[in-house]
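compute the structure for the input listed below.
(4 chains)
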Protein chains: 4
Amino acid sequence: MFFASDNAGPAHPSVLTALADANQGYAMPYGADPIMDEVRTKIRDIFEAPNAEVFLVATGTAANSLALACYCQPWQTMFCAPVAHIQEDECNAPEFFAGGAKLTLVGEGEKMTPTALEQSIRREETRGVHGPQRGPVSITQVTERGTVYSLEELNALTKVAKSFDLPVHLDGARFANALVALDCSPADMTWKAGVDVVSFGGTKNGCVGVEAVIFFDPDKAWEFELRRKRGAHLFSKHRYLSAQMNAYLTDDVWRQNAQQANANCARLAKGLKDLGVKFMHDPQANIVFCSFPRAAHQRLHDAGALYYVWSGELEGDDPAEMLEARLVCDWSLSNEQIDQFISLIGAD
Amino acid sequence: MFFASDNAGPAHPSVLTALADANQGYAMPYGADPIMDEVRTKIRDIFEAPNAEVFLVATGTAANSLALACYCQPWQTMFCAPVAHIQEDECNAPEFFAGGAKLTLVGEGEKMTPTALEQSIRREETRGVHGPQRGPVSITQVTERGTVYSLEELNALTKVAKSFDLPVHLDGARFANALVALDCSPADMTWKAGVDVVSFGGTKNGCVGVEAVIFFDPDKAWEFELRRKRGAHLFSKHRYLSAQMNAYLTDDVWRQNAQQANANCARLAKGLKDLGVKFMHDPQANIVFCSFPRAAHQRLHDAGALYYVWSGELEGDDPAEMLEARLVCDWSLSNEQIDQFISLIGAD
Amino acid sequence: MFFASDNAGPAHPSVLTALADANQGYAMPYGADPIMDEVRTKIRDIFEAPNAEVFLVATGTAANSLALACYCQPWQTMFCAPVAHIQEDECNAPEFFAGGAKLTLVGEGEKMTPTALEQSIRREETRGVHGPQRGPVSITQVTERGTVYSLEELNALTKVAKSFDLPVHLDGARFANALVALDCSPADMTWKAGVDVVSFGGTKNGCVGVEAVIFFDPDKAWEFELRRKRGAHLFSKHRYLSAQMNAYLTDDVWRQNAQQANANCARLAKGLKDLGVKFMHDPQANIVFCSFPRAAHQRLHDAGALYYVWSGELEGDDPAEMLEARLVCDWSLSNEQIDQFISLIGAD
Amino acid sequence: MFFASDNAGPAHPSVLTALADANQGYAMPYGADPIMDEVRTKIRDIFEAPNAEVFLVATGTAANSLALACYCQPWQTMFCAPVAHIQEDECNAPEFFAGGAKLTLVGEGEKMTPTALEQSIRREETRGVHGPQRGPVSITQVTERGTVYSLEELNALTKVAKSFDLPVHLDGARFANALVALDCSPADMTWKAGVDVVSFGGTKNGCVGVEAVIFFDPDKAWEFELRRKRGAHLFSKHRYLSAQMNAYLTDDVWRQNAQQANANCARLAKGLKDLGVKFMHDPQANIVFCSFPRAAHQRLHDAGALYYVWSGELEGDDPAEMLEARLVCDWSLSNEQIDQFISLIGAD
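Numbering: from 1, shown residues only, chains lettered A, B, ... in the order given. Model (predicted):
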């Protein structure tokens, strides 16, 4: 019963097969491998963006930090939600790669609202040279709380950004989960919605370790390449990144994995709801935030279930006290695990 | 006939098998996977260093830059050979990760000499607060020209460094090739020789993409972890780095691959020598620098041989003009490829 | 009628005289001038801190950024109030000098409270290597809203910081104004209250451009010197910084200027209060935040009064609409200017 | 007898007078003072550059580092002489302000030659994304060895830079000394010679602490302003920088000081030459590098002469051993000091 994170599950079998298939003879290093050409073509097709520039890196933090650095001068500030991965989970990597830039936290929730974004943007740069200058807006889709921006919400945010001429980055570590939830096209959720650059995640959704950075503005390509190399993120044996991403994009593996993960989450959420469990956020993709009594946590813990107790302490006196949990469902989770989890909560 | 680089060959089959084996169920992310425990134990055994701290990253530039940053303040300078990878091939990554530190190029050759190193160190810090301060010494073993520091040479260099209380880093992207060439123990070539931290390469010698950073000074461990995360080099699905390194260290794959690569190089060098080819450097590991006429280059080129023309231009008028070549032999090269290469040079 | 800032007034005559006096013959550069020895002795005496290390720089941003960088690793975050100068008015200088560190904004007000500080500190570093690590606490005294932390408030904040082993920085750009307001000793307001390093302002209180950075922890001295030089803040003709600071500390100029500035502010505040003007913050030092009708602003503006309209726009339709103003009083302000200002507001 | 540096002499009386004159009433801060308008106009006139953008900072290192950072991406390298101030005397400030860029040392001498510059430029960027990219060329005029590039030499260097589309920076800490030596116009030595940005020194030639950064390419102005503020180099009481520079540019003070300094040096050089003293470099401005016996050093030392023993140790056995000295003449040196110095050398 593993609900700790979607970064701890196995890779999809087709990804492993692709690695083995790629392991033949010599291939030009540093992104000049022929599989990368296939990847580039597939992504341009999928995103309906024939001029997009595509690069691969191995971690989500690298994708976010390098992409943002191309759009953020060191004296600027990036706008994001207070719980954004770039704020909370990257140990100052965005600041590092952007040469000492700042992050401005927009609003209070896990989603930015257009009103809060506009307020935050207006507040900066009223001080001329003294304050931080306005930089890119970074939107996390799926949010860190498992909710999904609707296309309307996305468009409203990017409209605010564009009204100040600010570039927009989409942190799509769970891009596929959001896409499946919205049932829209990749173009709808990105360039048609005003997004300039996307971190397109593979790792959490069935790959070994690969993320694509997709620039709809091809002028940034060479700067990204230099930043990637200088950041030590350019793989010599690049074909093994390409092979993963290629397999991921083949036969709709990326969408099917996300569909499965979201379906797993829906099954879990339904089971919990039927037990009257209270949700902190509406589970729209593959993550549930909910609360249940310490006694139930203890039963799950004893049975080997793994997940984060988000608020409160497992050790405590009162078995009836409600503790919050974060439950992440990846594509490889079995119905048995889910059902066992639910039944252990309800066992009381 | 691929002699362009040892970063373009395939991974060893056992590495691919290990990846597939690791791809079962869930594993704790970010280095907490059980395979990493095996790797740590193996490296401590191999290096006879029970307190060593071991970390994995995916690229050699990451290994070098992160390791050096732990030993180099931003106002210091790192001492290295003018042709060091950290100087010529990392697009300022060492400067970036060390927060704007400098590199001081020691001497003229591909190897630093104790005399040149001492001169360079003495020259810095004669200016109090005004000049760069003395920082770590970085030694490349195998050098970028295919030669190998003897243990005597290594010890003489580290003795100079220690006399100034400077830490020593070993860039061991081709660690195994050097070890095999010297026929010594890993401890002999590292901590017994005064090395504080090693970039222990896997990628060029049969892995997909993994390097170990080994600290003989365990006090640096936590700083390295923070730097690795902040540099976006901490893998969530870390087990796939561990699995590679574990396979590499199992059944002496790492040594056997290096032995094979060096043997391939020796076969190539002997064939060339028999033809009277002139060497720029003594080929002591798996790289040959040599010169032969443009006409021979053209024959090789036409037959599909891949390697770098190091000095001179393939396009040119005079078929007798001597051009220099860099020929790198990886473990997977076949005797047929080598012999065909030799015969094409000698075909005139 | 100049109320725009205390950084726009003249220097005290004794400071100019000291510059002229210092302008004789040769003096050793880079801080080795004999006047600096006098400064060091005076500051150690005034602060009752015989081991303190003292350095001079020319700007408040340099003092803050360089001092904080000595206590903040690039992967850490500094805790400060949301309106702190280091957050709002230094164009990311603290992030720059600290190599890409973060700032965490504590609470909502212009003062940090112990509760809010503890909450903010607790929130960081619950994520191991993933989140920013806890760094220094920076307290602004006088605050950016013209209020002053009492010694009890200061001690309560530093107690929280110390309970997490975090260093404490005091941004004392208006140190003297606060000291006079509290009527305590410099030691009371600094090391006896748990402060590790102070930016001791001179510029806003009668100097041309000089700030002292005072380390009660002398171990940081050499690092500061290197950071100052690398930041291009080490003056070759350092004697002219020393001379300013020396004059400032002689004959209690620093205290008398602050007393005068605070008295000017008290006179202004009393006059405004008598007119029923509403204050946004309690004016405890030399700054008033208050609101009065647009019509009064217009009268002041027409009469050449200079100050910042803090909220609202001078251009507008409704003469009765209340706009907020920031009114800063420096030591050189005359009673006539103050009284004229008051009478213009009351002229209606 | 002070020959240690031109940064240890007094400021010109007119500069002190200007400071006192500027110390009247209020002045808008941060460069908006009216004296800055005068400075800007004067510099545009003097340089025959009506569109030049002009900024003031307080140190030469700030001028160089901030100017270069506007022309150097973090993944680039700056080309300079091995003895350049930016390489040897700024404690990695150029690397810091340029976000971790590199310096490439051109040739062996104190002057770059066009041939050596072209070789160095060609050597970089032969490695695509792997090596540092080509950045600005920085020329020091007067050189650190007291020699002066002729206009022909300057033009030849900038021609090489321009042939690679590289920007050119002139480190003119001793700009006036060079100008007087060449007897040319400021335009001849800068934009007419292909220079894009100049550090125009005041500090070493009679100011308290002020340098102008002059951009002939006005597009860089706003970036410079942001970098200056972020680097903590924007003065609030900016009028005191303006006043210095204004006085310096009035009544030809800047040229006359340089003429006097160079004349002082010529008198010193002639006296030494008459004694048969050997020069390491041809003294073309205000610096002499020469050697004389330890016994003479000892006599000078005992008489209180201050200067750097450049090579060798004052303490030693052999009174006849030749030690090298650097002798810098500032404008305020008296003939008596010079003649006494000469006679002490010749006293043997």
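
quick check: closest non-adjacent residue to the spatially most central residue of chain A.
Taking CA atoms, centre = their mean, the centroid of chain A lies closest to residue A:173, which sits 2.0 Å from it. Computed as CB to CB, 6 or more residues apart in numbering or on different chains, the closest residue to residue A:173 that is not its neighbour in sequence is residue A:201, at 4.1 Å. From N, CA and C alone the C-beta is placed, and that goes for glycine too.

again, but for residue A:65
Counting by CB to CB, 6+ apart, the residue nearest residue A:65 is residue A:97, at 3.9 Å.

surely that neighbour touches residue A:66?
Yes - assessed by CB atoms under 8 Å, residue A:97 is found in contact with residue A:66 at 6.0 Å.

give me the common contacts of the two.
Counting by CB atoms under 8 Å, 6 or more residues apart in numbering or on different chains, the residues touching both residue A:97 and residue A:66 are A:227, A:231, B:232.

ok, these vs residue A:82, which is closest?
residue B:232 (21.2 Å; CB to CB).

quick check, the closest one in a helix?
No - looking at residue B:232 with DSSP: H, G, I helix; E, B strand; the rest coil, it is coil, so not inside a helix.

next one, pLDDT for it please.
With respect to pLDDT, residue B:232 scores 98.

so who does it touch?
So residue B:232 contacts A:57, A:59, A:61-62, A:65-66, A:90, A:93, A:97, A:231, A:233 (CB under 8 Å, 6+ apart).

can you tell if the helix or strand containing residue A:39 touches chain B?
Using DSSP states H and E, residue A:39 falls within helix A:34-46. No - Helix A:34-46 lies out of reach of chain B by CB under 8 Å from any CB of the partner chain, never closer than 12.5 Å.

what part of chain A, helix or strand, is modelled with the least confidence?
Ranked by mean pLDDT, DSSP states H and E, the weakest helix or strand in chain A is strand A:308-311, scoring a mean of 91.

show me what it is packed up against.
The contact analysis (3 or more CB pairs under 8 Å, 6 or more residues apart in numbering or on different chains; DSSP states H and E) places strand A:308-311 against strand A:322-328.

can you give me the angle the helix ranked longest in chain A makes with helix A:34-46?
For chain A, the longest helix by residue count, based on DSSP state H, is helix A:253-274. Per axes from the mean of the first three to the mean of the last three CA atoms, to 10 degrees, the angle that helix A:253-274 makes with helix A:34-46 is 60 degrees.

just the CA atoms of helix A:253-274, as CSV, please.
Extracted in CSV, the C-alpha atoms of helix A:253-274 (Å, rounded to 0.1, in the frame of the first residue of the first chain):
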residue,chain,number,x,y,z
VAL,A,253,1.6,5.4,-22.7
TRP,A,254,1.7,8.8,-21.2
ARG,A,255,-2.0,9.4,-21.4
GLN,A,256,-2.9,5.8,-20.4
ASN,A,257,-0.7,5.9,-17.3
ALA,A,258,-2.2,9.2,-16.2
GLN,A,259,-5.7,7.8,-16.8
GLN,A,260,-4.9,4.8,-14.7
ALA,A,261,-3.4,7.0,-11.9
ASN,A,262,-6.4,9.3,-11.9
ALA,A,263,-8.8,6.3,-12.0
ASN,A,264,-6.9,4.8,-9.0
CYS,A,265,-7.3,8.0,-7.2
ALA,A,266,-11.0,8.2,-8.1
ARG,A,267,-11.5,4.7,-6.7
LEU,A,268,-9.7,5.7,-3.5
ALA,A,269,-11.6,8.9,-3.2
LYS,A,270,-15.0,7.2,-3.7
GLY,A,271,-14.2,4.6,-1.1
LEU,A,272,-13.1,7.3,1.4
LYS,A,273,-16.2,9.4,0.6
ASP,A,274,-18.4,6.5,1.2
